[in-house]
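>>> have a look; sequence and predicted model below, questions after that.
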Amino acid sequence: MVEHRRFGNLLPHLVLIAGVIVVAFPVYLAIIASTHDNSVIANGQMPLYPGGHALETYWNTIMSGTGKTTREPVGSMLLSSLIMAVGIALGKIAISIISAYAIVFFNFPFRMATFWTIFITLMLPVEVRIFPTYKITSDLHMLDSYSGLILPLIASATATLLFRQFFMTVPKELVEASKMDGAGPIRFFFDTLLPLSVTNIAALFVILFIYGWNQYLWPLLITTRDDMQTIVIGIKKIIDVKDALTEWSVAMATAVLAMLPPVAVVVLLQRLFVKGLIETEK
């Protein structure tokens, strides 16, 4: 018999509510600050209720930016970040799933050595190999381009490892049945493995999209043109001013806009994301 305690879950709920408040309150402040005039924020007298400048602030932010530091509309920076994040996520998934497929289902010399070489690259993040990567990108004339933003970051040992572990759980009977039906390697990959991998692909897409969206160091190094800068760089430039007053309303509006695409991706792919992380049956 299960004992129903009236106040048994009170403490966990209080802890969860406190955690939500701690996480959500800064976001709430950013939203509120974006609706007030910059002078109200600068003198430290900002109230905790919305102001009357929301439409004006967001319109100016999206269409014109600050004009002092970024010299580029935030809408353009959002587009650059979106292209970069989607390109990195799709590129990582495409390369990783093909690599894992070759490692699991094909026998070739040094197969495991190849896998462990890929796995070892986990110890070489972008920050460690930043200078040789920049040199190669520069020599290939990919500075200030979307290909330069995306291609150096699309290799992923983590995604390859996850797809490999998933493919190793595919029953051998399924492989044999596909062979008996006359399916070749390409048909087996597209007709059998890809449908089975949808939830895993969705889960990885969410993680990798946020990874690409939050990139700061790499775009900072290879972009010099204002029309190629990403939203993360834009926020930094808006806040980091030397001889001028920081436009806090624009900065907060930019931060709020920067949160929307990752939140939208998580919300839209939430079910597939959770299913891809916990599903074990094929």
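Perfect, thanks for sending it. Numbers count the residues shown, from 1 in each chain.

>>> quick check: buried residues in the top helix by length along the chain?
In the chain, assigned by DSSP state H, the helix with the most residues is helix 74-105. Neighbour-count burial for helix 74-105, with 16 or more other Cβ atoms under 10 Å as criterion, is recorded at 74, 76-78, 80-82, 84-93, 96-97, 99-101, 103-104. For glycine as for every other residue, the C-beta is placed from the backbone atoms N, C-alpha and C.

>>> can you check stretch 234-241 too?
For stretch 234-241, a neighbour-count test (16+ other Cβ under 10 Å) marks Gly234, Ile235, Lys237, Ile238, Ile239 as buried.

>>> now swap in stretch 119-131 and tell me
Buried, per 16+ other Cβ under 10 Å, within stretch 119-131: nothing.

>>> now do that stretch, average pLDDT.
Mean pLDDT, computed over stretch 119-131, is 80.

>>> ends of it, how far apart?
With Cα to Cα, to the nearest Å as the measure, stretch 119-131 spans 21 Å from end to end.

>>> what's the closest non-adjacent residue to the residue most central in space within the chain?
With distances taken as Cα atoms, centre = their mean, Ile210 lies nearest the centre of the chain, 1.4 Å away. Nearest in space to Ile210, with sequence neighbours left out and distances taken as Cβ to Cβ, 6 or more residues apart in numbering, is Pro262 at 5.1 Å.

>>> show me what the strand or helix carrying that neighbour is packed against.
Pro262 belongs to helix 248-268 when assigned by DSSP states H and E. Helices and strands touching helix 248-268, by 3 or more Cβ pairs under 8 Å, 6 or more residues apart in numbering; DSSP states H and E, are helix 10-33, helix 38-42, helix 54-63, helix 74-105, helix 198-213, helix 231-239.

>>> about what we covered before: residues touching the residue nearest to the centre of the chain, list them.
By Cβ atoms under 8 Å, 6 or more residues apart in numbering, the contact set of Ile210 is Ala85, Pro262, Val265, Val266.

>>> how deep is the residue nearest to the third one when sequence neighbours are not counted tucked in, by neighbour count?
Meaning Val265. Counting by Cβ to Cβ, 6+ apart, Phe209 is the residue found nearest to Val265 once chain neighbours are left out, at 5.2 Å. Counted with other Cβ atoms under 10 Å, residues neighbouring Phe209 total 22.

>>> what's the pLDDT at Phe209?
You'll see Phe209 listed with a pLDDT of 94.

>>> and for Val2?
Here the pLDDT value assigned to Val2 is 50.

>>> repeat for the one 10 residues further on
As predicted, Pro12 sits at a pLDDT of 84.

>>> who's in contact with the closest residue to Tyr216 other than its chain neighbours?
Spatial nearest neighbour of Tyr216, excluding adjacent residues (Cβ to Cβ, 6+ apart): Val232 at 4.8 Å. Counting by Cβ under 8 Å, 6+ apart, Val232 touches Ser81, Trp213, Asn214, Gln215, Tyr216, Pro219, Ala258.

>>> from Ala85, how far off is Val232?
From Val232 over to Ala85 the distance is 11 Å, taken as Cβ to Cβ, to the nearest Å.

>>> overlap in contacts of these two?
Joint contacts of Val232 and Ala85 (Cβ under 8 Å, 6+ apart) are Trp213.

>>> so which of the helices and strands packed on helix 248-268 is nearest Leu149?
helix 74-105 (4.7 Å; Cβ to Cβ).
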